[in-house]
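Participant: Mind looking at a prediction? Sequence and model below.
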Amino acid sequence: MPAASDAGAPRPAPPAPPALPKTWRPFGVRAMGIVLVVCLYGLCAMSWIEFDDETRAKFTVFEKGTLLFFGLLILVLVHALIRSRVEARPEKLVVVNGYRRRDLAWEQVLAVHLPPGAPWVTLDLADGTAVPAMGIQASDGGRAKAAARELRALVAAPPQA
């Protein structure tokens, strides 16, 4: 049994809440999303340029439209992932997951969880529901743990608007 778990061992002081406004965004997901879109669009553009005139002429308007549709769909989906964020403001907490935005009063948020193996932070609300906060992703490692601690500190001592 580690010494820190002894009943008599002093507990570390909770971190001080960060200065507001504060925004947390996932780093790894944003970086990979941008790299994915740039590489995919670059590959498609280079492929089109390398086709000879005869091959390009074989593409129908419908086929070109289908390629354009899927290119835009990928862009929309990646944009939804990279725009996810958690904003702490003096008057409220804003959670943006993809294209959905939730404005939460500080009193609504009871707890902040980032258990091992979870993909992102989960917020427990006063009405008994839970809200995922994809702006703090566990794949960011220590950065995500620090963000979860900061958010917990804010929930424990809500700012006064």
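Facilitator: Here it is on my side, so go on.

Participant: hey, where'd the strands end up in the chain?
Facilitator: 22-24, 85-88, 93-97, 100-104, 109-113, 120-125, 130-137 (DSSP state E).

Participant: What is the neighbour count of Ala19?
Facilitator: Using other Cβ atoms under 10 Å, Ala19 has 8 other residues around it. (Each C-beta comes from the backbone N, C-alpha and C, glycine too.)

Participant: any idea how far it is from Ala126?
Facilitator: 26 Å (Cβ to Cβ, to the nearest Å).

Participant: Any chance of JSON lines for the strands of the chain, columns mean pLDDT and distance to Val37?
Facilitator: As requested, the strands of the chain are exported to JSON lines (pLDDT from 0 to 100; distance: least, Cβ to Cβ, whole Å):
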{"stretch": "strand 22-24", "mean pLDDT": "96", "distance to Val37": "22"}
{"stretch": "strand 85-88", "mean pLDDT": "97", "distance to Val37": "18"}
{"stretch": "strand 93-97", "mean pLDDT": "97", "distance to Val37": "19"}
{"stretch": "strand 100-104", "mean pLDDT": "97", "distance to Val37": "21"}
{"stretch": "strand 109-113", "mean pLDDT": "97", "distance to Val37": "31"}
{"stretch": "strand 120-125", "mean pLDDT": "97", "distance to Val37": "21"}
{"stretch": "strand 130-137", "mean pLDDT": "96", "distance to Val37": "18"}
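
Participant: Mind putting those into CSV with distance to Tyr41 and mean neighbour count?
Facilitator: Formatted as CSV, the strands of the chain follow (distance: least, Cβ to Cβ, whole Å; neighbours: other Cβ atoms under 10 Å):
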stretch, distance to Tyr41, mean neighbour count
strand 22-24, 28, 17
strand 85-88, 24, 21
strand 93-97, 25, 21
strand 100-104, 26, 13
strand 109-113, 37, 17
strand 120-125, 27, 20
strand 130-137, 24, 22
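
Participant: how near is the most centrally placed residue in the chain to Gly128?
Facilitator: By Cα atoms, centre = their mean, the chain has its centre lying nearest to Gly135, at 2.8 Å. Separation of Gly135 from Gly128 (Cβ to Cβ) stands at 23 Å.

Participant: Which residue comes closest to Trp106 once chain neighbours are left out?
Facilitator: Pro158 (3.6 Å; Cβ to Cβ, 6 or more residues apart in numbering).

Participant: Pass me the low-pLDDT residue ranges in this structure, would you?
Facilitator: The chain contains residues with pLDDT under 70 at 1-14, 161.
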